[in-house]
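Enquirer: coordinates only, no sequence provided:
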């Protein structure tokens, strides 16, 4: 992802991003049941690095597998690139953890931007204190081997009911998580920035008493007024 694209997406909301994707005919991009563990974590942007779980089975699951060098969940913690977001397909099993405070600490130290999982998070209070942005189905005490076996790394997954491909761009904030197809990230970031600029102007007009019709969405007259407002240095609207 280009630095300019990342910077632009950090300044716009998931609501704006989702609207830009809707304009492009893409509707299924908002993860269901995935919310910030800490409501004050702010906005997070990063390319998806994916981990996929399948249901546990007696002959392939268990706590002993956690120490294996081939354990894909442990590999994900060590291999997820700095600046990326670890996107975990936990089959929307909210009552089992997919991350705890020790793993969150390692990701934070390695410079990973955040974690998005449709499963639960263990040690939730401690994870919040670490400062790594985590978006999940909520707190859950049981460890992952109770329900999960890691089965795929860096392959297409479903997270919160949404398709996520490695390298897709995830934008997450207080409203939730939106997935931007990698090929569209640059154009979505540019158009989202422009949308928020004119919407800030529209918000001022509405606060000053303008009616919705003709103002939002803006008609040609309001767009012309916006351009004049920009040229005049964004004066106060009364």
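Expert: Yep, that arrived. Quick caveat: nothing in here was measured; it's all calculated off a predicted structure.

Enquirer: what distance do you get for residue 49 to residue 166?
Expert: 7 Å (Cβ to Cβ, to the nearest Å). Heads up, the C-betas are built off the backbone N, CA and C, glycines and all.

Enquirer: what's the answer for residue 198, then?
Expert: 34 Å.

Enquirer: which SSE is immediately downstream of the longest strand seen in the chain?
Expert: The longest strand of the chain (DSSP state E) is strand 44-55. Using DSSP states H and E, the helix or strand that follows strand 44-55 in sequence is helix 72-79.

Enquirer: immediately after that following helix, which helix or strand?
Expert: strand 85-89.

Enquirer: on that earlier part again, what do residue 49 and residue 166 both touch?
Expert: Both residue 49 and residue 166 are in contact with residue 154, where contact means Cβ atoms under 8 Å, 6 or more residues apart in numbering.

Enquirer: helices along the chain, start to end?
Expert: 3-10, 14-23, 72-79, 101-110, 124-130, 185-207, 220-231 (DSSP state H).

Enquirer: those helices: which one's closest to residue 36?
Expert: helix 124-130 (9.6 Å; Cβ to Cβ).

Enquirer: and the closest one, what's buried?
Expert: 124, 127-128, 130 (16 or more other Cβ atoms under 10 Å).

Enquirer: ok so, going back, dump the helices of the chain into CSV; add mean pLDDT and distance to residue 54 as well.
Expert: Converted to CSV, the helices of the chain look like this (pLDDT from 0 to 100; distance: least, Cβ to Cβ, whole Å):
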stretch, mean pLDDT, distance to residue 54
helix 3-10, 97, 32
helix 14-23, 98, 29
helix 72-79, 96, 11
helix 101-110, 98, 19
helix 124-130, 97, 24
helix 185-207, 97, 29
helix 220-231, 95, 51
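
Enquirer: make TSV out of these and add distance to residue 94.
Expert: Converted to TSV, those look like this (distance: least, Cβ to Cβ, whole Å):
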stretch	distance to residue 94
helix 3-10	27
helix 14-23	21
helix 72-79	18
helix 101-110	18
helix 124-130	12
helix 185-207	29
helix 220-231	44
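
Enquirer: grab the nearest non-local neighbour of residue 9.
Expert: Closest residue in space to residue 9, ignoring its immediate chain neighbours: residue 45 at 4.5 Å, by Cβ to Cβ, 6 or more residues apart in numbering.

Enquirer: care to break this structure down by domain?
Expert: Split into domains by automatic domain parsing, the chain comes to 27-180, 188-231.

Enquirer: pick the most buried one from these.
Expert: Most buried of the domains of the chain, by mean neighbour count (mean count of other Cβ atoms under 10 Å): domain 27-180, with a mean of 19.

Enquirer: report the distance from that one to the chain centre.
Expert: Between the centre of domain 27-180 and the centre of its chain there are 11 Å (Cα atoms, centre = their mean, to the nearest Å).
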